[in-house]
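> Turn this into a structure:
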Amino acid sequence: MLDISITEKQHNFLNTMSDDHAANVQDASHDVEKKCKTDENNFADMEKKMQAVDMREESMLKRITEKDKTICKMSNVVEAYERTIAELISEKETLIRTHELECESLKQDNEINAQHLESLEKTFSNLYAKYERMKKNAVEYKEREEKLLNKVLKLEECLKAQEQRYEKMKSHAMSQLEIANTKIDEANRNHSQESAKLKAQIKKEELYRISINEQLIQKSKENEELVKICDELISDTN
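Down below sits the predicted model:
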């Protein structure tokens with residue numbers, strides 16, 4: 001009896017467990033369906049999100065590619081700019097060295113020109129002093145020339161006066177000689193001494209005239225030499 005009752009209890013328990021299990025299975029099935037629907041919805045959302053992420057990633061890749069291109073271009077520009085800057089710096093250094101060399105050359109030329117200028121100033125000073133001396137000498141020679149010319153004029157006047165006097169004396173002597181000759185002819189050479197005296201006077205006047213002519217010629221030569229010297233001085237001064 002005991003075994004039979006246990007079996008019934010077990011059977012009842014099993015039936016009860018079976019009913020509960022079925023109910024649980026049904027509930028679980030509903031939960032699974034709900035979860036599947038939820039998962040499907042979540043999966044759809046995830047796909048949409050993944051598509052959005054892919055689009056954003058593609059957009060970001062495009063932007064990154066464009067940025068890379070821009071950076072590459074900028075790198076090329078920067079490299080070209082750096083090369084240009086390096087060339088400009090090199091040209092600047094070359095220009096500075098050239099400028100320094102030119103300044104040094106100009107400084108040396110300036111010193112040489114200063115020395116030449118100083119030498120020229122000394123030479124000019126000496127030439128100016130020489131010119132002043134020559135000018136003074138020319139004035140003195142001019143004054144001496146004028147004095148000599150005045151003397152020559154006076155000598156010429158004196159010579160003319162002497163010539164006139166000589167002509168008068170000659171005329172007088174000739175007349176006296178004629179008279180003497182007449183007297184001599186008449187007196188048959190009784191007055192030879194008077195004739196000799198007159199001849200001596202004529203000879204004396206001739207000698208005097210010759211002396212005056214020689215003096216005039218000598219003065220003329222001296223005057224010509226003085227004029228030549230003055231002309232040379234004036235030519236040198238110019």
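
> Give the buried residues for stretch 199-217.
Buried positions in stretch 199-217, judged by neighbour count with 16 or more other Cβ atoms under 10 Å: 202, 205, 209, 212, 216. Just so you know, the C-beta spots here come from the backbone N, C-alpha and C atoms, and that holds for glycine as well.

> and which of these is nearest Ser119?
Leu216 (52.0 Å; Cβ to Cβ).

> Could you say which helix or strand holds the closest one?
Using DSSP states H and E, the element containing Leu216 is helix 192-237.

> just so I have it, where are all the strands in this structure?
Ranges of strands in the chain, per DSSP state E: none exist.

> Domain map for it?
27-113, 123-237 (automatic domain parsing).

> Low-confidence regions, the chain specifically.
Counting by pLDDT under 70, the chain contains low-confidence ranges at 1-37, 39-40, 43, 184, 188-195, 237-238.

> How much space separates the most centrally placed residue in it from His99?
By Cα atoms, centre = their mean, the chain has its centre lying nearest to Leu106, at 9.4 Å. Distance, Leu106 to His99, using Cβ to Cβ, to the nearest Å: 10 Å.

> And for Lys135?
With distances taken as Cβ to Cβ, Lys135 is found 50 Å from His99.

> quick one: which of the two has more around it?
Comparing Lys135 with His99 by other Cβ atoms under 10 Å, the one with more neighbours is Lys135, at 13 against 10.

> Could you name the helices and strands sitting against the lengthiest helix in the chain?
Longest helix of the chain, by residue count under DSSP state H: helix 2-187. Here helix 2-187 touches helix 192-237, going by 3 or more Cβ pairs under 8 Å, 6 or more residues apart in numbering; DSSP states H and E.

> centre of the chain versus the helix it packs on, how much separation?
67 Å (Cα atoms, centre = their mean, to the nearest Å).

> how far away is Leu157 from Leu148?
Careful, residue 157 is Glu and not Leu. Going from Glu157 to Leu148 by Cβ to Cβ gives 15 Å.

> between these two, who's got more neighbours?
Of the pair Glu157 and Leu148, Leu148 is the one with more neighbours under other Cβ under 10 Å, namely 17 against 10.

> Contact partners for the closest residue in space to that one that isn't next to it in sequence?
Nearest non-adjacent residue to Leu148, counting by Cβ to Cβ, 6 or more residues apart in numbering: Asn223, 5.3 Å away. Neighbouring residues of Asn223 by Cβ atoms under 8 Å, 6 or more residues apart in numbering: 145, 148-149, 152.

> Could you do Thr98 as well?
No contacts exist for Thr98 under Cβ under 8 Å, 6+ apart.

> how far away is it from Leu88?
15 Å.

> With Glu163 instead?
Taken as Cβ to Cβ, the span from Glu163 to Leu88 is 102 Å.

> of the two, who's got more company?
Shown here are Glu163 and Leu88; by other Cβ under 10 Å, Glu163 has more neighbours (14 against 10).

> ok, for the more buried one, nearest residue in space, not its chain neighbours?
Closest residue to Glu163 apart from its sequence neighbours, by Cβ to Cβ, 6+ apart: Arg209 at 7.1 Å.

> And Ala138, by the same measure?
Closest to Ala138 by Cβ to Cβ, 6+ apart is Leu233, at 5.0 Å.

> mind listing what the one you found touches?
Contact analysis of Leu233 by Cβ under 8 Å, 6+ apart lists 134, 137-138, 141.

> Which among these count as buried?
134, 138, 141.

> separation between the second one and Glu47?
Note on Ala138: its distance to Glu47, by Cβ to Cβ, is 126 Å.
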